[in-house]
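A.B. asks: sequence and predicted structure, then a few things I'm wondering about:
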Amino acid sequence: MEYTIKMIADFLGGTIEGNPDKIIRGFAKIEEGKEGDLTFLANPAYTRFIFTTGASAVIVNRDFKPDKKIGATLIRVDNAYEALAQLLTFQEQQKEKPKGIHKLAFLDQGVHVGEDAFIGAFAFVGKNVTLGNNVIIYPQVYVGDHVTIGEGTVLHPGVRIYHDCRIGKNCIVHAGTVIGSDGFGFAPKSDKNYRKIPQVGKVILEDDVEIGANVTIDRATMGATVIHHGVKLDNLIQVAHNVEIGKNTVMAAQTGIAGSTKIGSNCMFGGQVGISGHLHIADGVKIAAKTGVPSTIKKENMIIEGIPALPRLEFQRSFICFKRLPDLVKRLEKLETLLEEKKS
Amino acid sequence: MEYTIKMIADFLGGTIEGNPDKIIRGFAKIEEGKEGDLTFLANPAYTRFIFTTGASAVIVNRDFKPDKKIGATLIRVDNAYEALAQLLTFQEQQKEKPKGIHKLAFLDQGVHVGEDAFIGAFAFVGKNVTLGNNVIIYPQVYVGDHVTIGEGTVLHPGVRIYHDCRIGKNCIVHAGTVIGSDGFGFAPKSDKNYRKIPQVGKVILEDDVEIGANVTIDRATMGATVIHHGVKLDNLIQVAHNVEIGKNTVMAAQTGIAGSTKIGSNCMFGGQVGISGHLHIADGVKIAAKTGVPSTIKKENMIIEGIPALPRLEFQRSFICFKRLPDLVKRLEKLETLLEEKKS
Amino acid sequence: MEYTIKMIADFLGGTIEGNPDKIIRGFAKIEEGKEGDLTFLANPAYTRFIFTTGASAVIVNRDFKPDKKIGATLIRVDNAYEALAQLLTFQEQQKEKPKGIHKLAFLDQGVHVGEDAFIGAFAFVGKNVTLGNNVIIYPQVYVGDHVTIGEGTVLHPGVRIYHDCRIGKNCIVHAGTVIGSDGFGFAPKSDKNYRKIPQVGKVILEDDVEIGANVTIDRATMGATVIHHGVKLDNLIQVAHNVEIGKNTVMAAQTGIAGSTKIGSNCMFGGQVGISGHLHIADGVKIAAKTGVPSTIKKENMIIEGIPALPRLEFQRSFICFKRLPDLVKRLEKLETLLEEKKS
């Protein structure tokens, strides 16, 4: 890429403070920026770097007020992080997309391939699969029989989608992720062995869903495990059978949701959260990293933390006392001694 | 499928309450059942749906006593969940199984393939591998040199089995799971670098084991990591080198077992449990989700919870107090003030 | 293999106690050793087995003092575990390494393959990839465009390396691991949908790094996620975008590091640890299994534990009180009653 700062500011609808004519050739983090780099400041924790960055230009929020002189040119926008996203997206869209079916891919009978779709080497596409226009199937992907994949969706290398699952439009699934594996369902038998409950349901991903790498989403016992529109899941997440995740909910890595739990819309979960089975989590609930949720959360927008989970403020108040426990015990003992002395 | 309720009840040895002649065409969850669906009620939390379900028939436990009128026909059996399993299994068995070696599979020298086995496209089968009768190897599976796989075992797409491992009969391994990767063994050197300890052992899966998706089971340093008969592991579980898991033990997703730990038979672990290395866990132990186990559990059938783990009841009693800590501190302070006043 | 005990002791620079002429044919764990086996004793927890082992010889530390008679021949060395590593490494090196490009591998344009490198069946190697001498690419590996892989590095089956990443020399990456997937970066939009932030950075693995199975290491938003020299990561670990892990740091399975966090050198993390984003962890910090770290650790060599993390000793002292909480509450209540009585 090669643009002037002015061209970029115009594209973003931003205003310029400093030299508008410098040339931008790439992106960098603010602490690593060099001449020719464009960077951004969105997280206040990084503010100190704006005074020392070597980058030629920095995208900042319109209301940013530096308390020292800044060497770089500033581009002021309403939302620096979103402006960066817009710019990176524009740059990504310039890249040529792969097209066509690789000679070392295997397509079984009855596969429908949309226009300008791509299927890479060693990809396996099962019977009667439907691939929408502009679908990108990277090498070594497995798409089971009767799967449908909506237009514009990208499956990265080694994604596995079991039979009958439905993937929406403009989804992205990262490498190694498994969609549609059997739910963990076993009926105990009288001899202490278990009998497998065949899992005859499926998985549905609605549109604009992004799933990280090495995630597992199990098919439903009956019916469907459903990931609604706009959901974003980070890496190594477990979604058990018959779970439902509401619109635009985001979850950080290594979180696990047990069977049949329904998660609301617009929730935000930290990493390594665990949620028990058969629960409901209301819309907009925020869950701190590592929290364990043993029961239904009915109140919308609640913030919870702890194992088991408490309202966040309650957890924090109790945890402050937990830290002081050895001291509190001493104080209790002192009172006991005092009273013992008084008695005698 | 298309059966009358009577045919299904006869197959299950169940008794019918209601119209025995309706036609069943599929399975559904009780809250989603429609005309022509068969459903079941095993978990009491779902009882309320039996009164409103649109399903034509519901399998229930023989002792189920509804307190209202039910529209659907009931099929009463000894164990509704097991009856469902039996029925779904029967239906699964009607499906035609894949057979033969795909032209795009690669088999190295000395591979023995049993009768009616299947090897899918882009599967790699190493030197001197033995595959039993009716083994199903899905596309893109890797089977290392000298591996043996018992009859009836199914390896889903992208399973990787390193050299020398032994997989029993009628096992199921889900997509992306790795069996036989090197154990995490390093000897610290004087210069703070680590020297790798080659892992020359293997992994043994006995019969009737089911392993979820994206699980990792490391080979032993020496000897074998052993998963005994009937064990069921959910997705994203870590089993370190030289671990042994006893018969019919079940573990929920994202649990991790550190090196050389021996787990007893018939244990049940919730999700995200962690167990330290070189421990013994007695038979029948139940571990709550997210628990961290730092030491050996000698008592059979114990139920434990917490990080670090306590007997469950003890944990729960302490946790109730934890929630009340801010209040308890206030009460302690009040006593201190009172006594201080008395002194003066 | 077939060596006398004397040959092995000479190789290790060890001294012999017992019969030096017995033949060693294999390795075994001390509790499973049989005639012809060599074993070792490094972990004191296994000392009792040295008196009963059937192995022909045991490698022990020079200062080991048995309190009973031992049947096996002893080989005394400075560090039994490192000696074992040396011996197993020697044995591994005797194995013939695979070489050449399999006829069913696919190499795109401009690939440079070093001398004596190996590329297995169904491996995909993208445009302009550079593979150093003696690189081993197992079957079904994906190497994206413009990746470079240093000499002697081994990629196990099904490893996926996205475009532009750089892997150093003598690294080992186990099956199913994903390197270079997109970081989890989304900008919230006013309509509660999220806009994806394209991740235009990369991942750098320096030399002598070993990564376990089914690990995920995300590419940087801009710049690079960096795993420094000698780092060892166990299975199922999550490393988010722009993380940096210092030299010779080791992490046990299922640990997760959130975005932009910088980890020092020579740290040791237990399993299932979670570290929040944008933090710094000082050199030599040790973190107990399951710990959650919400803030920067500035003090070198600190040992921390708990969720959220405390200095280990503080955590343990508080946890002892946590166990006693129900009793402490009773004692508090007793004091309250006493004082109440006194009042009246």
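C.D. replies: Cool, got the structure.

A.B. asks: buried residues in stretch A:8-16?
C.D. replies: A:Ile8, A:Ala9, A:Leu12, A:Gly14, A:Ile16 (16 or more other Cβ atoms under 10 Å in any protein chain shown). In this view, the C-beta of every residue, glycine as well, is placed from N, C-alpha and C.

A.B. asks: where does the prediction get shaky in the stretch 151-300 of chain A?
C.D. replies: Nowhere does the stretch 151-300 of chain A drop to pLDDT under 70.

A.B. asks: so which residues on it come close to chain C?
C.D. replies: A:156-158, A:172, A:174-176, A:208, A:210, A:212-214, A:230, A:232, A:234-236, A:247-248, A:250, A:252-254, A:265-266, A:271-272, A:289-290 (Cβ under 8 Å from any Cβ of the partner chain).

A.B. asks: filter these by proximity to chain B?
C.D. replies: Contacts with chain B within these, counted by Cβ under 8 Å from any Cβ: A:Gly158, A:Gly176, A:Asn214, A:Leu236, A:Gln254, A:Gln272.

A.B. asks: spell out which residues of the stretch 101-250 of chain A are next to chain B.
C.D. replies: Going by Cβ under 8 Å from any Cβ, the residues of the stretch 101-250 of chain A near chain B are A:106, A:122, A:124, A:140, A:142, A:144, A:158, A:160, A:162, A:176, A:178, A:181-182, A:184, A:186-187, A:189, A:192-198, A:200, A:214-216, A:218, A:220-223, A:236, A:238, A:240, A:242.

A.B. asks: which of the residues you listed are buried, as a ChimeraX select command?
C.D. replies: ChimeraX command restricting these to the buried ones, with burial defined by 16+ other Cβ under 10 Å:
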select /A:106,122,124,140,142,144,158,160,162,176,178,181,182,184,186,187,194,195,196,197,198,200,214,215,216,218,220,221,222,223,236,238,240,242
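
A.B. asks: same list (the ones next to chain B among the residues of the stretch 151-300 of chain A next to chain C) but as JSON lines, adding distance to B:Leu332 and secondary structure.
C.D. replies: Converted to JSON lines, those look like this (distance: Cβ to Cβ, whole Å; DSSP: H, G, I helix; E, B strand; the rest coil):
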{"residue": "A:Gly158", "distance to B:Leu332": "58", "secondary structure": "coil"}
{"residue": "A:Gly176", "distance to B:Leu332": "53", "secondary structure": "coil"}
{"residue": "A:Asn214", "distance to B:Leu332": "49", "secondary structure": "coil"}
{"residue": "A:Leu236", "distance to B:Leu332": "43", "secondary structure": "coil"}
{"residue": "A:Gln254", "distance to B:Leu332": "39", "secondary structure": "coil"}
{"residue": "A:Gln272", "distance to B:Leu332": "34", "secondary structure": "coil"}
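
A.B. asks: the domain parsing of chain A - what is it?
C.D. replies: According to automatic domain parsing, chain A comprises the domains A:3-94, A:100-316, A:318-344.

A.B. asks: any part of the last one near chain C?
C.D. replies: Yes: contact of domain A:318-344 with chain C is found when judged by Cβ under 8 Å from any Cβ, involving A:Phe319, A:Phe322, A:Lys323, A:Arg324, A:Leu325, A:Pro326, A:Leu328, A:Val329, A:Leu332, A:Leu335, A:Glu336, A:Leu339.

A.B. asks: kindly report the same for stretch A:58-75.
C.D. replies: No: using Cβ under 8 Å from any Cβ, stretch A:58-75 stays clear of chain C, coming no nearer than 12.1 Å.

A.B. asks: beta partners for A:Ala187?
C.D. replies: A:Arg195 (DSSP bridges).

A.B. asks: quick one: residues contacting it.
C.D. replies: Listed by Cβ atoms under 8 Å, 6 or more residues apart in numbering or on different chains, the contact set of A:Ala187 reads A:Tyr194, A:Arg195, A:Ile197, B:Asn79, B:Tyr81, B:Glu82, B:Leu84, B:Ala85.
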